[in-house]
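Trainee: Got a predicted structure plus its sequence, pasted below:
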Amino acid sequence: MSEIKDMKGKEHKLSLVGREKLAISGVDDVGSFDDNTVIISTQLGDLVIKGNDLHIKSLDINEGNVVLHGLVYSCIYTENTSRKREKGFFKSIFK
């Protein structure tokens, strides 16, 4: 838990409204996405969002904000392994 408190950088927040709108701040990258799964890299680890008919409504990597629409089933954090793999989809496009 102290590791989380020691993380510096963008403030990370999740806001889920009615299981249909998910606003996330503190985003480093969007690794991959489709209608059922979105993987987002944050300084606190990768966030795997599962649902139905998911789509990215807005994305601002510079500010670290993402808004998803669709039916959200789960939001699960995994260890931050994204730092070891190559750049994500959006980082390679918006270089």
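Mentor: Arrived safely, thanks for sending.
Trainee: what's the following helix or strand after the helix or strand I39 falls within?
Mentor: When elements are assigned from DSSP states H and E, I39 belongs to strand 37-42. As assigned by DSSP H and E, the chain's next helix or strand after strand 37-42 is strand 45-60.
Trainee: contact partners of the helix or strand following that following strand?
Mentor: The first helix or strand that comes after strand 45-60 along the chain, using DSSP H and E, is strand 65-78. Strand 65-78 is contacted by residues 14, 16, 19-25, 27, 30, 35, 38, 40, 44-60 when judged by Cβ atoms under 8 Å, 6 or more residues apart in numbering. Any C-beta I mention is one placed from the backbone N, CA and C, and that applies to glycine too.
Trainee: can you give me the mean pLDDT across strand 65-78?
Mentor: Strand 65-78 carries an average pLDDT of 96.
Trainee: Indicate each strand paired with that strand and its parallel or antiparallel sense.
Mentor: With DSSP bridges as the test, strand 65-78 is paired with strand 21-25 (antiparallel), strand 45-60 (antiparallel).
Trainee: Show the average pLDDT along the following helix or strand past the first one.
Mentor: Meaning strand 21-25. Downstream of strand 21-25, the next assigned helix or strand under DSSP H and E is strand 27-33. Mean pLDDT, computed over strand 27-33, is 92.
Trainee: Thanks again, I'm all set now.
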